[in-house]
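>>> next one to model:
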Amino acid sequence: MKKLKVMVCCNVYPPGFLGGAEIIAHNQAKMLQKLGHEVLVFSGDIRYREDKYRPLLEEFDGINVHRIRLVPEDYDLTKALFAHKEIERQFASILDEFYPDVVHFHNIIGFSVKIIAMAKEFGSRTVLTVHDHWGFCLKNTILKDDGSICDDFAMCHNCMSHITPEEKGIAPLRLRSDYFTLMFSYLDLIISPSEYLANAYLSVGNRNVKTIKNGMNVAKYSRIEKICSDKVRFTFAGSFARHKGVILILKALTKLEKKENVQVNLVGTGQELELYETFVAENNLFDYVKFWGRIPFNEMGRVYKETDVLILPSIWPENQPVSITEALAASIPAIVSDVGGSKELVVNGKTGYVFENGNYEMLAQKMQCLIDDPELITEYGKNAYDSICDNTYERSADLIIEEYYKLLSGLDNCTHAKIIAMNNLLPSVDEVDSINLLNLSEEYLLTYKGWLTDKQQSEIDALIILDEDECIENYYQQMCDNKLIFALVSEKNAELSLLGRFSNGLVLVRNYQELYEMLGLYIKQPEIFDGFKEDLTKYILTVSA
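Residues are numbered from 1 along each chain as shown. Okay, here's the model as predicted:
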C-alpha cells in the first residue's frame, strides 16, 4: 500500500510538556514513522516566554517537529484561545510544503481550531484523537463550579457568559460553542480511546466517532521488578488538581486500620499541593504519606517499583488514563472511581476495584481489603497484565492506519450547518445573555466572521453587522464581494434610513430586539424574504450597536 504523509498537530509536544495526551501523540508519531510513513509534527511550544510565534524547526526523538512559541496567556479560558492568525499562517505554509495525506489532530485548544477546516479545505483527510472534553466543554472537565458533573452541554454560558478576544469587543460564549461545532464538522473521523468519551462526543452531534484504545509499551512496564516492602504502597500519579480527587485518598487514609502497614505515594505537583500538605499535617499523617514531586514520564518506572496498588480517584470522567494502563502492564492492580473511561479498564474484583465517585469511605474499604489480604494484590496484578498485554503501540497504530486508508479510498461525506456570522463583536455585555439564549434551529450556527476561513466566509448564509456608522457603499461592497442577497441595517444611519424599511436587499432594524425577531422569522420562514433577494446571492443582517 502507498506510504502516507501524516501531519500530527497538538498544542504542546515533548519534551516541553509531558501530559498523557502529549505522550500518546509522540508515541503514535514514532510508530507511524517506524511503519514507513512520513511524519511531521506541528506543535505549540511553551518552554519560552519571549518571541511569541517564533518558529523552531528541530528533530526530537527522530521526528521532525515544527514548533511555534506560545505563552501561558494563550491558554487563558477568557480569551479566544482557539484562534491565532500567525499559527494559521504558518500552518498554511506547511500544508503547501509537506502536502499531507492525513492531518491527525490531538489536543489543539490554546493553539488553533481553525486549522481543522484549513486542512480539510486543502484536501487532506482530517482525524482527531480526543483525550478529554475540550471539543464541547470550555473547562475540558465537564465539572460545574460546585464540583458536580455537567449533563447539559448547551448551557456552557452558565460557567462563563463571554470571552474577550484580541479583537475589539465582547464575544458571547454562544459564538465560541457554535464555532467549535462548525470546525468539528470538518473532521472525517474522531478517534476516542474509551467508549465513554466516544459516546460523549456522539451525544453532542458529532458523527463518525470510532473507539481505538491508545497503545503503550507493554514490554517496558512488564519488565519492572518491584522493590520489596513490608508495607502496602498505594500510589497516585498525576496532576494535583481538584478534578483528580487526590484529597479522597488522604481522607480514606484516616479511616484505615493499622496505618503503620500503609504508605501513600503522591507523585506529581500542582495547585492543590499546599492543601494536601496541610491535610497531612493537621491529621498527623507524615509517617504514611510520601510526596515524590514531579517525575518525568520516562522515569516513572522507579515509581512503579515502589507501588503495589495504583489509585485514581478522579471526580471528573477520565478518558483512558496513561497511569492506569502503565500500572496494569506492570502487573499493578488499580482502584478507580466509577466515572468515565477509568472503569472500562478495571474489572471490579478481578484487576482491582471500582468505588463510588467521591465516596472516600468506600475507597477506604477497598484499600482495607487489599491490606488485609495481600495475596489479592498478586492475583489482581496478574489479571491486570493479562487484560492489557495486547494493547501495544503497534496494534493501535495498525488500527489507526487502517482508518486512514479507508478515509482516503472513500468519498468525502463531511456536511456543515448553515452559518450566521457576526461581522463585529459586541461593544458591551448588555446583549450577551440574549445572544447566548437565542433560539436557532439545528440547521444554523452563530459565530464570529473573523474566526472563519476565507471559504467559509464566502459561504455565510447571513451576516450581522454591528456598526451604525457604515455607509451604503460599504454595504454594497460587501454584498458584491460576498454575493449577499439580504441585509438588515441600522436606521440610526441617516444615509441608510432614507432607503426605507426594505430597499435593494437591505432590511433595516432599529434595535437588537428587532434583530432577534427578524432572525427568528428568517429561520422559520425564509421564503418570506425571497422578494428581497433581487440579483444578490447571500444575506446580511445588520444592527446598530
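>>> and the strand or helix carrying F291, what does it pack onto?
Applying DSSP states H and E as the criterion places F291 in strand 289-293. When contacts are defined as 3 or more C-beta pairs under 8 Å, 6 or more residues apart in numbering; DSSP states H and E, strand 289-293 packs onto strand 262-267, helix 273-282. Where you see a C-beta, it was placed from the backbone N, CA and C, and this is true even at glycine.
>>> just those: most buried one?
strand 262-267 (a mean of 22; mean count of other C-beta atoms under 10 Å).
>>> so what strands line up beside that strand?
Counting by DSSP bridges, the strands paired with strand 262-267 are strand 232-237 (parallel), strand 289-293 (parallel).
>>> which of the ones you listed sits closest to G301?
Closest to G301 of the strands paired with strand 262-267, according to C-beta to C-beta: strand 232-237, at 11.7 Å.
>>> quick one, whichever helix or strand comes after that closest one and strand 232-237 angle?
Remark: after strand 232-237, the chain's next helix or strand is helix 246-253, criterion DSSP H and E. If you take axes from the mean of the first three to the mean of the last three C-alpha atoms, to 10 degrees, helix 246-253 sits at 170 degrees to strand 232-237.
>>> which outside residues touch helix 246-253?
234, 236, 238, 240, 259, 262, 264, 266, 272, 275-276, 279-280, 283, 285, 288-289, 311, 313, 315, 358, 360-361, 363-364, 367 (C-beta atoms under 8 Å, 6 or more residues apart in numbering).
>>> now those residues: which count as buried?
For the contacts of helix 246-253, a burial check counting by 16 or more other C-beta atoms under 10 Å picks out 234, 236, 238, 240, 259, 262, 264, 266, 272, 276, 279-280, 285, 288-289, 311, 313, 315, 358, 360, 363-364, 367.
>>> ok so, going back, make TSV out of the helices and strands packed on strand 289-293 and add mean pLDDT and distance to P333.
Shown next, in TSV, are the helices and strands packed on strand 289-293 (pLDDT from 0 to 100; distance: least, C-beta to C-beta, whole Å):
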stretch	mean pLDDT	distance to P333
strand 262-267	98	15
helix 273-282	97	23
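>>> mind putting the ones you listed in TSV, distance to R47 included?
TSV is the format used below for those (distance: least, C-beta to C-beta, whole Å):
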stretch	distance to R47
strand 262-267	23
helix 273-282	22
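>>> T129 is nearest to which of these?
Taking C-beta to C-beta, strand 262-267 is the member of the helices and strands packed on strand 289-293 nearest to T129, at 25.2 Å.
>>> what sits up against stretch 226-242?
147, 244, 246, 249, 261-273, 276, 295, 300, 303-313, 315, 321, 323, 335, 367, 370-371, 374, 377.
>>> my bad, should have said stretch 156-164
Taking C-beta under 8 Å, 6+ apart as the rule, stretch 156-164 contacts 77-80, 136-139, 144-145, 170-174, 176-177, 426, 429, 432-433, 436-437.
>>> and it, end to end?
With C-alpha to C-alpha, to the nearest Å applied, stretch 156-164 spans 16 Å between its terminal residues.
>>> show me where this structure dips below the pLDDT cut-off.
Within the chain, the ranges that satisfy pLDDT under 70 run 17-18, 467-510, 528-545.
>>> give me the distance from the longest helix along the chain to the chain's centre.
Identified as the longest helix of the chain according to DSSP state H is helix 393-409. In terms of C-alpha atoms, centre = their mean, to the nearest Å, the centre of helix 393-409 is set 22 Å apart from its chain centre.
>>> give me the residues contacting whichever helix or strand comes after it.
Sequence-wise, the next helix or strand downstream of helix 393-409 (DSSP H and E) is strand 418-422. Strand 418-422 is contacted by residues 175, 182, 440, 443-449, 452, 456-457, 459-464, 466, 519, 541 when judged by C-beta under 8 Å, 6+ apart.
>>> filter these to the buried ones?
By 16+ other C-beta under 10 Å, the contacts of strand 418-422 give 175, 182, 440, 444-449, 452, 456-457, 459-464, 466, 519, 541 as buried.
>>> among those residues, which are located in strands?
Judged by DSSP state E, the buried ones among the contacts of strand 418-422 include Y444, L445, L446, T447, Y448, A462, L463, I464, L466, L541 as members of strands.
>>> straight-line length of stretch 133-144, end to end?
One end of stretch 133-144 to the other measures 13 Å (C-alpha to C-alpha).
>>> can you pull the buried residues of it?
Result for stretch 133-144 [16+ other C-beta under 10 Å]: buried residues H133, W134, G135, F136, C137, L138, K139, N140, T141, I142, L143.
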